[in-house]
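Visitor: I would like the atomic coordinates for the input below:
(2 chains)
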Amino acid sequence: LAKTTQPISMDSYEGQEVNITCSHNNIATNDYITWYQQFPSQGPRFIIQGYKTKVTNEVASLFIPADRKSSTLSLPRVSLSDTAVYYCLVGDVTGGFKTIFGAGTRLFVKA
Amino acid sequence: ETGVTQTPRHLVMGMTNKKSLKCEQHLGHNAMYWYKQSAKKPLELMFVYNFKEQTENNSVPSRFSPECPNSSHLFLHLHTLQPEDSALYLCASSWSGTSGTYEQYFGPGTRLTVT
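Guide: Numbering: from 1, shown residues only, chains lettered A, B, ... in the order given. You can find the predicted model right below:
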């Protein structure tokens, strides 16, 4: 499983766009990039997954450059309720079910 | 909300007690997972079951004993726990696909305190 590196924490203000970057220099050809969100004392929630270029859903966008050694989760116009920990994971089904969550990025949105 | 339920939500037990955590998924998935999350630590994968067969055991002490009678139910039997086992225990489920990753759906967790 490829190791990922994210900033430990980030601060933002309501209404701003937040970009969280994840480095995964050892990403394998078959690996996908997945982001989860976790609120305190709750289980993580799947946000978005991508393989290359750009993926967008109703919650976020995921930007993946051509070399795929990093990815950026973009949250448009954050609100206080977006305060959470965001995890970047890299892997694919050929690696089995083993899943490694890193420390994640703690996003704090201020009023 | 997520289709994965866990009971109980909170549990306090002594070190000599035996208790069980229950997880049930209503999503038709065939893989189920147990995670442990200690205070201010990343989630640690404990066990994975795929079609009722255990596929991952992440060097978990034997005082934790999983059971998966079918693809919808997962149990974690606890006995002679230690105070350092106090944590949030999370259950998750997913499909067993052939590409991409296993998008996991998590339950709300059981907050376990060992006294």
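Visitor: For chain A, what lies in contact range of chain B?
Guide: Counting by Cβ under 8 Å from any Cβ of the partner chain, the positions of chain A adjacent to chain B are A:32, A:34, A:36, A:41-46, A:49, A:51, A:89, A:91-93, A:96-104. C-beta: built from backbone N, CA, C; applies to glycine.
Visitor: change it to 7 Å
Guide: When proximity is defined by Cβ under 7 Å from any Cβ of the partner chain, chain A lies next to chain B at A:32, A:34, A:41-46, A:49, A:91-93, A:96-99, A:101-104.
Visitor: and these, which of them are in strands?
Guide: Helix and strand membership here follows DSSP state E; of the residues of chain A next to chain B, those in strands are A:Tyr32, A:Thr34, A:Arg45, A:Phe46, A:Gln49, A:Gly91.
Visitor: which non-adjacent residue is nearest the residue of chain A at minimum distance from chain B?
Guide: Residue nearest to chain B within chain A (Cβ to the nearest Cβ): A:Gly43, separated by 2.7 Å. Residue nearest to A:Gly43 in three dimensions, not counting chain neighbours: B:Phe106, with 2.7 Å by Cβ to Cβ, 6 or more residues apart in numbering or on different chains.
Visitor: in the chain, which spans are strands?
Guide: Assuming you mean chain A. Under the criterion DSSP E, chain A contains strands at A:9-13, A:18-23, A:32-38, A:45-50, A:53-56, A:61-64, A:70-75, A:84-91, A:105-110.
Visitor: actually chain B
Guide: Read by DSSP E, chain B holds these strands, from start to end of the chain: B:4-7, B:10-13, B:18-25, B:31-37, B:44-50, B:53-57, B:64-70, B:73-79, B:87-94, B:105-106, B:110-114.
Visitor: Which residues are in contact with the closest residue to A:Phe46 other than its chain neighbours?
Guide: Of all residues not flanking A:Phe46 in the chain, B:Glu103 sits nearest, at 5.1 Å (Cβ to Cβ, 6+ apart). Neighbouring residues of B:Glu103 by Cβ atoms under 7 Å, 6 or more residues apart in numbering or on different chains: A:Phe46, A:Gln49, B:Ser94.
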